[in-house]
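Chemist: what's the 3D shape of this:
(chains A and B)
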Amino acid sequence: DQQVKQNSPSLSVQEGRISILNCDYTNSMFDYFLWYKKYPAEGPTFLISISSIKDKNEDGRFTVFLNKSAKHLSLHIVPSQPGDSAVYFCAARPNQGGKLIFGQGTELSVKP
Amino acid sequence: KAGVTQTPRYLIKTRGQQVTLSCSPISGHRSVSWYQQTPGQGLQFLFEYFSETQRNKGNFPGRFSGRQFSNSRSEMNVSTLELGDSALYLCASSTGGLAASGELFFGEGSRLTVL
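Modeler: Numbers count the residues shown, from 1 in each chain, chains lettered A, B, ... in the order given. Predicted coordinates:
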């Protein structure tokens, strides 16, 4: 039972344009949502998070939007840079504590 | 401050053997979580330890086990290895506080290959 889904395994974007990564979830009890970025041969690194009581959180070029009624969140990267090329995982926290449920990941490729 | 350290980084085992992986969390972090990453499956949650107690557990068979020591260092063990256990095993630490946003700090992982 995949509670967090990233339906696009890959995404290719031109440098300078917007990258939009999508994530759907099924459990309405999730209280925090997070995005992680992973380069090959490295562990995932935290990018940005959003509480379930908000609908938008912005940090520089990265903005996360949360639509609770649709159980959908998205990560916008503007403008996209070649260094953003990586695998992006969305994650959700089902309860307080250290457990996160991750999606399958979306590999973003930003072309110069 | 030092990040999360996992050892070994790479290892090769044969079916039926057992393996132990080690994780040292960031100093001051009391929660350690373990994840399995395989192609197409994302990161699958194995278990979480907080103050030497297993606080959360994923849907893995009993061959997968773990523990946490008083200094917060953690080990996970996989017994009777199967080919499907080949994966990247990631350890993550956090303060573990219930009010935290859930941010985890990951190590670089241990790449296990089962032949």
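
Chemist: okay, now the closest residue to B:Gly40 other than its chain neighbours: neighbour count?
Modeler: Here the nearest residue to B:Gly40 in space, its sequence neighbours aside, is A:Gln104; by CB to CB, 6 or more residues apart in numbering or on different chains that works out to 6.3 Å. For the C-beta atoms, the positions are set from N, CA and C on the backbone; glycine is no exception. A:Gln104 has 21 neighbours, counted by other CB atoms under 10 Å in any protein chain shown.

Chemist: residue contacts, the residue of chain A found nearest chain B?
Modeler: Taking CB to the nearest CB as the measure, chain A has A:Gly43 as its residue closest to chain B, at 3.3 Å. Contacts were defined as CB atoms under 8 Å, 6 or more residues apart in numbering or on different chains; by that measure A:Gly43 touches B:Val4, B:Leu90, B:Ala92, B:Phe106, B:Gly107, B:Glu108, B:Gly109.

Chemist: measure the fifth one to A:Arg93 for me?
Modeler: Read it as B:Gly107. As defined by CB to CB, to the nearest Å, B:Gly107 lies at a distance of 20 Å from A:Arg93.

Chemist: Next: the third one.
Modeler: As judged by CB to CB, B:Ala92 and A:Arg93 stand 13 Å apart.

Chemist: Have a look at those two and say which one is more surrounded.
Modeler: The residue with more neighbours, out of B:Ala92 and A:Arg93, is B:Ala92; 29 against 24, by other CB under 10 Å.

Chemist: I'd say that one and B:Glu108 touch.
Modeler: No. Counting by CB atoms under 8 Å, B:Ala92 sits too far from B:Glu108 to count as a contact (11.3 Å).

Chemist: Look up the residues forming beta bridges with B:Ser110.
Modeler: Legend: beta-bridge partners of B:Ser110 under DSSP bridges are B:Tyr89.

Chemist: Just give the closest residue to A:Ser8, not the sequence neighbours.
Modeler: Of all residues not flanking A:Ser8 in the chain, A:Thr106 sits nearest, at 5.2 Å (CB to CB, 6+ apart).

Chemist: Contact partners for the one you found?
Modeler: For A:Thr106, the contact set (CB under 8 Å, 6+ apart) comprises A:Gln6, A:Ser8, A:Pro9, A:Ser10, A:Leu11, A:Leu21, A:Asn22, A:Val87, A:Tyr88.

Chemist: same check, this time on B:Thr113
Modeler: B:Tyr10, B:Leu11, B:Ile12, B:Lys13, B:Ser86.

Chemist: quick one: low-confidence ranges for chain B?
Modeler: Within chain B, the segments meeting pLDDT under 70 span B:1, B:97-101.

Chemist: Get me the contact residues on it for chain A.
Modeler: Residues of chain B lying near chain A by CB under 8 Å from any CB of the partner chain: B:4, B:31-33, B:35, B:40-45, B:48, B:50, B:55-56, B:90, B:92, B:94, B:96, B:98-109.

Chemist: Just the buried residues of those residues.
Modeler: By neighbour count, with 16 or more other CB atoms under 10 Å in any protein chain shown, those hold B:4, B:31-33, B:35, B:42-45, B:48, B:50, B:55-56, B:90, B:92, B:94, B:96, B:100, B:102-109 as buried.
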